[in-house]
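Q: got a predicted structure here, sequence first:
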Amino acid sequence: MFTPLRLSSSKLLPPNCLQRRLLTFHRGPGPSISVPELSGKYHFSWLRDSCQCSTCIHPSTRQKLHRSTDFIGIEPESIESKDDGLYIEWATNKHRSFYDRDFLARYATVSSRHAFNFDVKAEPWTSSYFANNPSISYHALDAPEVLLDVYKELLRSGLVFFHDVPTKETSDSTCELRQLATRLSEIRYTFYGETWDVRAISNSKNIAYTNLNLGLHMDLLYFKEPPRYQILHCLRNRVHGGNSVFVDALNAARKLNESAFKILATTPVPFHYINDGHHLHHAHTTIECVPSYGGQEIRSINYSPPFQAPLLMNTPDEFYDSLSELERHLEDPQNLYTRLLREGDAVIFDNRRVLHGRTAFESRDSEEGETDRWLKGCYLEEDPILDRMRILRKTLGSWTV
């Protein structure tokens, strides 16, 4: 049964409005209140579920002590606005909740929630973007402000370059790549190990370990959860050619016509690696969309021709034209960013967004058996990057997205 609101007031106010200095709220329509100053509408079940008192949120673990379904149909008995926020006494069990202005503002809108979580919006780019986007000195990462800028740029464009990364140590345990990787995130272990070397070798199990042209691709799409980030550190480059090539697949996907986008977002494409004692297989849609606060968003692009398995027999005919349209955008010269990684350079990129490749190369007059092009690489976990970025933002106390 509905319990009438008991309004705490010294003056008679309109039945649908109560004002207390800072916040004005309106009842309804439906089981909710709206707060015009915050552009927020709050369902009663949401408010009760979101109570932050010590009986609802454990003081030390900060974990909820109830379920969202515990408060279906709940109604307030009274609502009171004071200087510090809103106080609600609930009809059921007379529980009393308090919501300060900052808390209500934080969750009022999609944009305010993004701001609270310091979410960085991905921005599509073409090759001209990097004309005024210099590489970062490795030694500058000791400054928290620089590290925060690196995180922001990585989330915004998915591609960041470094210079002056020492090349003396080359072993897996002592290499500078490991130091850079752990400075930014946590290393993800794969069957290649924690770190791995890209060198031209005979009878290679991977085209990356040759001097051939390496087309645009993403790594490890035959995994159920491919690694989000990859770092490459150039230890040696004494060859002709061997330029690194990058392209923003997010930019390409957003240029597709509606029909092609839908086909690529719904047609599974299998990938596999069956070689060298391994049998890995998984299927992904080329464009992977997920629900977000504001609707659907592109979470990942999955494109790696070298490791694509035979397509399913029920693959629609339209898929081929749709994929061809995506490839036209990917290979558009204005979208391709080419850069020679010199000794001491490093690059980190979003492996689920930024395609990478390499032009063919020829050795100079190297000694027999000498490695003249040597990259050392590793994969990074995504969540530590987001976590560290947010903590840095909170510590530094300033933010511009």
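A: Noted; the coordinates are in hand. Bear in mind that the values here come from a model prediction, so they are computed numbers and not experimental data.
Q: could you look up the SS state of A131?
A: Three-state secondary structure (criterion: DSSP: H, G, I helix; E, B strand; the rest coil) places A131 in helix.
Q: go on, H356?
A: Here H356 takes the strand state, with states given by three-state DSSP.
Q: what pLDDT does it get?
A: Confidence at H356, expressed as pLDDT, is 98.
Q: what's the spacing between it and R48?
A: Between H356 and R48 the distance is 49 Å, computed by Cβ to Cβ, to the nearest Å. Just so you know, the C-beta spots here come from the backbone N, C-alpha and C atoms, and that holds for glycine as well.
Q: quick check: mean pLDDT across stretch 218-238?
A: The predicted model assigns stretch 218-238 a mean pLDDT of 97.
Q: list the buried ones in it?
A: By 16 or more other Cβ atoms under 10 Å, the buried positions in stretch 218-238 come out as 218-223, 226-238.
Q: and that stretch, how far apart are its ends?
A: 25 Å (Cα to Cα, to the nearest Å).
Q: quick revisit: in strands only, show me the buried residues of stretch 218-238.
A: With strands identified by DSSP state E, the entries of those that belong to them are Y229, Q230, I231, L232, H233, C234, L235, R236, N237.
Q: ok, now which ones touch the last one?
A: Listed by Cβ atoms under 8 Å, 6 or more residues apart in numbering, the contact set of N237 reads L340, L341, R342, E343, D372, R373, W374.
Q: among those residues, which are in strands?
A: R373, W374.
Q: centroid residue for this structure?
A: The centre of the chain sits closest to L155, judged by Cα atoms, centre = their mean, with a distance of 6.2 Å.
Q: isn't it right up against A122?
A: Yes - taking Cβ atoms under 8 Å as the contact criterion, L155 and A122 are neighbours in contact, 6.9 Å apart.
Q: mind listing residues that contact stretch 272-288?
A: Residues from elsewhere that reach stretch 272-288, judged by Cβ under 8 Å, 6+ apart: 191, 205, 221-224, 253, 261, 264-271, 298-303, 307, 309, 312, 323, 326.
Q: just the buried subset of those, please.
A: When neighbours are counted using 16+ other Cβ under 10 Å, the contacts of stretch 272-288 contain these buried positions: 221-223, 253, 261, 264-265, 267, 269-271, 298, 300-303, 307, 323, 326.
Q: can you tell me the SS state at R393?
A: Per three-state DSSP, the local secondary structure of R393 is helix.
Q: for R299, see how far away the residue nearest to it when sequence neighbours are not counted is.
A: The shortest distance from R393 to any residue that is not its chain neighbour, by Cβ to Cβ, 6 or more residues apart in numbering, is 4.7 Å, and that residue is F118. From F118 over to R299 the distance is 19 Å, taken as Cβ to Cβ.
Q: related to what we said a few turns ago, in strands only, show me the buried ones among the contacts of stretch 272-288.
A: In strands, judged by DSSP E, the following of those are found: V269, P270, F271, I298, S300, I301.
Q: could these go into TSV alongside distance to V146?
A: Putting these into TSV (distance: Cβ to Cβ, whole Å) gives the following:
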residue	distance to V146
V269	39
P270	42
F271	36
I298	29
S300	28
I301	29
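Q: of all the residues you listed, which comes closest to L38?
A: For those, the minimum distance to L38 (Cβ to Cβ) is 29.8 Å, reached by I298.
Q: so who does the closest one touch?
A: Applying Cβ under 8 Å, 6+ apart to I298 gives the contacts L250, A253, R254, I287, E288, C289.
Q: helix/strand/coil for the last one?
A: In other words, C289. Remark: C289 carries the secondary structure label strand [criterion: three-state DSSP].
Q: nearest residue to it other than its sequence neighbours?
A: Nearest residue to C289 in three dimensions, chain neighbours excluded: Q296, at 4.8 Å (Cβ to Cβ, 6+ apart).
Q: and the helix or strand where the one you found lies, how far from the chain's centre?
A: Secondary structure assigned from DSSP states H and E places Q296 in strand 295-301. Per Cα atoms, centre = their mean, to the nearest Å, the displacement of strand 295-301 from the mean C-alpha position of its chain is 10 Å.
Q: which SS class is L47?
A: Local secondary structure at L47 is given as helix here, using three-state DSSP.
Q: meant to ask about T182
A: In three-state terms, and counting by three-state DSSP, T182 is helix.
Q: just P310 next, same as before
A: Classified using three-state DSSP, P310 is coil.
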